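Q: Sequence and computational prediction follow.
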Amino acid sequence: MTLVLLVCLPFAGSLAATILLRTDSRVLAARMSGAVAFVSLVLTAALYPAVRDGGRVRLDLEWLPQLGLNVTLRMDGFAWLFAMLITGIGCLIVLYARYYMSEEDPVPRFFSFLLAFMGSMLGIVLSGNVILLSVFWELTSIFSFLLISYWHNNAAARDGARMALTITGIGGFCLLAGLLVLGHIVGSYDLDVVLSSGDQIKAHPLYLTALVLILIGALTKSAQVPFHFWLPNAMAAPTPVSAYLHSATMVKAGVFLLVRLWPALSGTYEWFMLVGIAGVSTLILGAYFAMFQQDLKGLLAYSTISHLGLITTLLSLGSPVAAVAAIFHMMNHATFKASLFMAAGIIDHETGTRDMRRLSGLFKYLPITGTLAMVASAAMAGVPLLNGFISKEMFFAEAVETHADSVLDRMLPYVATLAGAFSVAYSLRFIHMVFFGPEPTDLPKPKPHEPPHWMRFPIEFLVLACLVVGIIPSLSIGPFLHSAVVSVLGTRTPEYSLAVWHGINTPLIMSMIALIGGAALYAVLKDYLARCDDGPPLFRHLGGQRIFERVLVTVSWKWARWLESRLSTRNLQPQLRLVAAAGLLAGVVPLYMAGFAPTPLVFGDIDPIFAAIWSIGAFCALGAAYQAKYHRLAALVLLGGAGITTCITFVWLSAPDLAITQLVVEIVTTVLLLLGLRWLPKRSEKVDNSVTLSARSRRFRDFLLAVSCGFGMFVFSYAIMNQPVPDAIASYFLEKAYTEGGGRNVVNVILVDFRGFDTMGEIAVLAIVALTVFALLRRFRPAPDSIEKPEQQLIQAAYDAERPERSAGDTVRDYLLVPSVIMQWMFPVIITFAIYLFLRGHDLPGGGFAGGVTMAIAFLLQYLGGGVRWSEDRLRILPLRWMGVGLLLAAITGMGAWAFGYPFLTSYSQYVEIPFIGKVPAATALFFDLGVFSLVVGATVLILIALAHQSIRMHRVRNLEAPKAEEA
Amino acid sequence: MELVLSIGIGIMTGSGVWLILRPRTYQVIIGLSLLSYAVNLFIFAVGGVKSNAAPLLEEGVDISTMTDPVPHALVLTAIVIGFATTALFLVVLLAARGLTGTDHVDGREQPK
């Protein structure tokens, strides 16, 4: 349970910090984050007894057990050590950032991201399921992106963040693929199972695939050559981020994963070569590049790359002692590198620059920070009595040993010594150039002074840790390291000693050579370094960054544009043609492959009336297709004819519910399209009869396509109708409708009860569409040639104007006098009918949909008969209210089932005794249906009224614009 | 019965497909409406075509003689949603016509 808390707490804190976003106080967010980090640290520390000596804590929550995906959290000694590192350094970073961040920055956002990152990192460490691990892995990439781009006004920060996200994102994707392969090999995604089946994995033919993919993931994250270049660019992040992510945690995730999967994957020749080459080249190149950086943080970034290379190299060797050294060095590196980053941040903060060519002689101004930085740099250089020395000695000792005999292995001692010398040189340079030498002359902030004590405290603490671990390793870190090692290596745990003094042996001599050589190297290069450009000679112009940018532009711009120009079109017709053709093929090809033979036609049982109705229907459909271009009204009437045919078919073939719904919807659709006609351009047949040949051939092609689609549908539906209907789920619904749904109309029971959730979604869609229509029409601007009053209205107005006894608008009113009186009288009748349809819905054809649309028609007729103004003077319909009430009612009815311990939308039915009427069936589904009813009324009325209003609005626009035109 | 209905579905589909391939927005909206009739009828027909066998439960009527109510429920919602999408399309069509000044489906007249 503590594990869940440990992972969730930082995320909760992150959310809480976003709530503070509006406040001005930076202290509040920092205090809250500090508290979260500290509680996490205490929680982690409290788990130590459980993980000591190979013990582990494990928690399983089922998520998708069928797929082997579970939320499994586990903590063993190694995870514990890492969790301590994450939470402990997290605490110190929060404290440091509290002073580092300036008043102008949105501080709560920073802490929110930082805590979320901490949570993701803890997630990686504590995941007991490799897929879960990959999820947290991606989260760290995302939050790292957000943290690096924290100063998002800065272009370098944006670019650095994007590059980091791209590289680690690609790595994360490969990692997921690799872990999936791994899970496939083992048959389980559980980490414990994976770790215990090392031999099976290494013997499997897919081993190399899994290994390469996982290594890409780990090496990108840990900034190993050739993926290293994102890390120096990520230095545009605020310094606390660099100190936390780019020294102690995120870049360690890669090597963490290598250690985690070490028992399962390591020890093969492929492992040695792949990991080894990456590690050794990173070790030496990182150290070499670091020497020539002018930016303080750049130097530290390359040094981090180099140290990560050292850890990777150790892991590649496949020997247990090397793994111990790797784990140990991870911890040591985190302590001294985080403190150095924070020191660099203080220098930047106090002087305003990080350029080593401008910094010098700062020791006088920053004596305490300077001393601390010196100790930390000495640890980085591997000076005796500091923690860096011990793990580096272990590395040298391992480098001398022979592991997998090859050129790489024989080269290793020399490379290690050389890299050691480089690291001595850049550490020396860091200290000498910044703190010693002449007085600084051109600092942006001329009077640097020591920062507040609490800002320095994190560095003091970490430097103290460096000293303690370096002097009495076995008493300080010893037991914790041992439980970490045992949890990784298990029975293969080697004998190792953490003593400072092993006597004079090869590693010590190597260390001495490195120290002296490094100092000599710096002495030689000092003058050159004080002047030279940023970046190492020879490699200065071979920027990984530039290659990356170029690749990115090629892939995401040039190739994408090329593909788009080849594959896409901005015209709708070719696209629809493709869709129709694809639909035809998707129907024909499988049938042809399956050896489909058309069903022989049977002419015997044709009902003459049905055939007559359908001949009218077919005529209407063809006529609509023919007339839709020039005679829109005729096409609309014909469309209505086709709709009525459909409706009659439903009646004929035992679907009364469908027939009612189709009928009422047909009415509103027709009115809808009629309202739209007014805004379409005039089109007369005479205008364009210059049909070109290409247009003709295009039409012929479309005609063929249409005929084949129609013929295909005919053959297909005829075949289907002549199949016996299989007994699928129909009988289930028919049997249970009355006993469980309490209704006799099975269709309605399905809609409001069995499949109520679908209906719920559907009415939500209806509401969304209605609102969208409403919103679109609010900003509606008709084309200029549609703004004028329609021709018919002009003729009527002219007729009124000619005759003195008539006033304007009389003709319009007279036209619909009789119908409008009838429509007014019908108003209550139609409403009653709508209610009747609704109420009988559960037992007889009808229901919420049909009733709702009928109700809407009642309103609509008043608009049609009396005009918009007349109706709105007498009738206030609030469609939005109807919709809201409907949606709420449906949802609340659904939720009501929870109160009785049933799932959402479970309905209840029984008979109710009503005086004078007798027993009446009542089901809670009726309330749900009432919601449907109300929503359908609201949505339909909203759509139609919004459209009808346009003609009034345009009238108003005309009136407003007419005086303006006169003035002009 | 089956023959007539399937010919009807075929004709409606053909007319609908023809219309959605035309360049004017109004043609497309009529075409989509015709297609939706055809598709609704087709889904409905999958449940079997029988007269006088509405899925309304009454005493003494054997449920095995009734038509399948599931396609009915599916088509019923499809009819209502069809109305909603037609309305949406109509409004988009009108807005596009207002913005671009043409009722061509691409928002501009095809170059001759």
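A: That came through, no problem. Numbering: from 1, shown residues only, chains lettered A, B, ... in the order given.

Q: Pick out the residue nearest the middle of chain B.
A: Nearest residue to the geometric centre of chain B (C-alpha atoms, centre = their mean): B:Ser36, 1.2 Å.

Q: For the closest residue in space to it that isn't next to it in sequence, give me its contacts.
A: Excluding the flanking residues, the one nearest B:Ser36 by C-beta to C-beta, 6 or more residues apart in numbering or on different chains is B:Gly82, at 4.6 Å. Where C-beta positions appear, they are placed from N, C-alpha and C, glycine not excepted. For B:Gly82, the contacting residues are A:Val665, B:Ser33, B:Ser36, B:Asn40, by C-beta atoms under 8 Å, 6 or more residues apart in numbering or on different chains.

Q: And the strand or helix carrying the second one, what does it pack against?
A: Looking back up the chat, that one is B:Ser33. Assigned by DSSP states H and E, B:Ser33 belongs to helix B:25-46. Helices and strands touching helix B:25-46, as assessed by 3 or more C-beta pairs under 8 Å, 6 or more residues apart in numbering or on different chains; DSSP states H and E, comprise helix A:608-627, helix A:632-652, helix A:656-677, helix A:693-721, helix B:2-20, helix B:69-100.

Q: Determine which residue of chain B is most distant from the centre point.
A: Distance from the centre of chain B peaks at B:Gly60, with 35.8 Å (C-alpha atoms, centre = their mean).

Q: sec struct for that residue, please.
A: Recorded secondary structure, B:Gly60: coil (DSSP: H, G, I helix; E, B strand; the rest coil).

Q: Do you know the pLDDT at it?
A: For B:Gly60, the model assigns a pLDDT of 72.

Q: A:Val920 now?
A: For A:Val920, the model assigns a pLDDT of 66.

Q: How about the one 5 residues further on?
A: A:Ala925 is assigned a predicted lDDT (pLDDT) of 80.

Q: now do B:Leu34
A: Per-residue pLDDT puts B:Leu34 at 94.

Q: For burial, what's the neighbour tally of the residue lying closest to it once chain neighbours are set aside?
A: With C-beta to C-beta, 6+ apart as the criterion, B:Leu34 has its nearest non-adjacent residue at 3.7 Å, and that residue is B:Gly16. As a burial measure, B:Gly16 scores 30 neighbours (other C-beta atoms under 10 Å in any protein chain shown).

Q: now do the one 5 residues further on
A: Here the count is done by other C-beta under 10 Å, and B:Leu21 has 25 residues near it.

Q: Tell me who's in contact with the closest residue to it other than its chain neighbours.
A: Spatial nearest neighbour of B:Leu21, chain neighbours left out: A:Asp702 (4.3 Å); criterion: C-beta to C-beta, 6+ apart. A:Asp702 is in contact with A:Arg577, B:Trp18, B:Leu21, B:Arg22, counting by C-beta under 8 Å, 6+ apart.

Q: Would you mind measuring from the last one to chain A?
A: It stands for B:Arg22. According to C-beta to the nearest C-beta, to the nearest Å, B:Arg22 and chain A sit 7 Å apart.

Q: what kind of secondary structure is A:Val71 in?
A: At A:Val71, secondary structure determined by three-state DSSP is strand.

Q: And the residue nearest to it when sequence neighbours are not counted, how far from A:Gly712?
A: Once flanking residues are discounted, A:Val71 sits nearest to A:Leu61: 4.1 Å by C-beta to C-beta, 6+ apart. Applying C-beta to C-beta, to the nearest Å, the value for A:Leu61 to A:Gly712 is 51 Å.

Q: Point me to the residue of chain B nearest chain A.
A: Residue of chain B nearest chain A, by C-beta to the nearest C-beta: B:Gly14 (2.4 Å).

Q: Check what pLDDT that residue gets.
A: With respect to pLDDT, B:Gly14 scores 94.

Q: give me every residue that touches the closest residue to it other than its chain neighbours.
A: Distances taken as C-beta to C-beta, 6+ apart put A:Gly710 closest to B:Gly14, at 2.4 Å, once the chain neighbours are dropped. Neighbouring residues of A:Gly710 by C-beta under 8 Å, 6+ apart: B:Gly10, B:Ile11, B:Met12, B:Thr13, B:Gly14, B:Ser15, B:Val17.

Q: pretty sure the first one contacts A:Val707?
A: So the one you mean is B:Gly10. No: between B:Gly10 and A:Val707 there is no contact under C-beta atoms under 8 Å: 9.3 Å.

Q: More neighbours: which of these two?
A: More neighbours surround B:Gly10 than the other of B:Gly10 and A:Val707, with 24 against 15 (other C-beta under 10 Å).

Q: Report how many residues lie close to the closest residue to that one other than its chain neighbours.
A: Spatially, and ignoring its direct neighbours in sequence, B:Gly10 is nearest to A:Phe714 (2.9 Å; C-beta to C-beta, 6+ apart). For A:Phe714, the count of nearby residues is 21 (other C-beta under 10 Å).
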